[in-house]
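sequence unavailable; structure follows:
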């Protein structure tokens with residue numbers, strides 16, 4: 001889960017996903033959830049930044065609900 005009002009949460013998620021990839025856990029699937037969307041005015045992690053990360057990461061599927 002990424003707290004969009006906190007860049008540190010995005011950094012931590014990227015580290016976790018990287019660890020999963022480095023340890024070769026192909027059976028694990030990850031879902032990236034944006035949290036605190038109601039705090040758009042304090043947003044620190046842009047939608048574009050998240051989309052680019054998803055597009056460039058093989059371990060994650062990009063789906064919008």
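Happy to help now that I have it. Keep in mind that what you see is a predicted model, and the values were worked out from it rather than measured. Numbers count the residues shown, from 1 in each chain.

quickly list what residue 60 is bridged to.
residue 30 (DSSP bridges).

could you check how far it is from residue 32?
6 Å (CB to CB, to the nearest Å). Every C-beta, even on glycine, is put in place using the N, C-alpha and C of the backbone.

so which of the two has more stuff around it?
residue 32 (19 against 16; other CB atoms under 10 Å).

next SSE downstream of the least confident helix or strand in the chain by mean pLDDT?
Confidence across the helices and strands of the chain bottoms out at strand 34-35, with a mean of 82, counting by mean pLDDT, DSSP states H and E. Tracing the chain past strand 34-35, the next element assigned as helix or strand by DSSP states H and E is helix 47-55.

next, the angle from the helix of greatest length in the chain to helix 47-55.
When the chain is parsed with DSSP state H, its longest helix is helix 7-22. Interaxial angle, helix 7-22 versus helix 47-55 (axes from the mean of the first three to the mean of the last three CA atoms, to 10 degrees): 10 degrees.

which elements pack onto helix 7-22?
strand 2-3, helix 47-55 (3 or more CB pairs under 8 Å, 6 or more residues apart in numbering; DSSP states H and E).

hmm, try it at 7 Å
Judged by 3 or more CB pairs under 7 Å, 6 or more residues apart in numbering; DSSP states H and E, helix 7-22 is in contact with strand 2-3.

partners of the strand it packs on, with directions?
strand 34-35 (parallel).

distance of the residue nearest to the spatial centre of the chain from residue 9?
Nearest to the mean C-alpha position of the chain, counting by CA atoms, centre = their mean, stands residue 32 at 4.7 Å. Distance of residue 32 to residue 9, computed by CB to CB: 11 Å.

circling back: identify the contacts common to residue 60 and residue 32.
By CB atoms under 7 Å, 6 or more residues apart in numbering, residue 60 and residue 32 have these common neighbours: residue 54.

give me the number of residues near the closest residue in space to residue 37 that isn't next to it in sequence?
Spatial nearest neighbour of residue 37, excluding adjacent residues (CB to CB, 6 or more residues apart in numbering): residue 4 at 6.6 Å. Using other CB under 10 Å, residue 4 has 22 other residues around it.

please consider this matter closed, and thank you.
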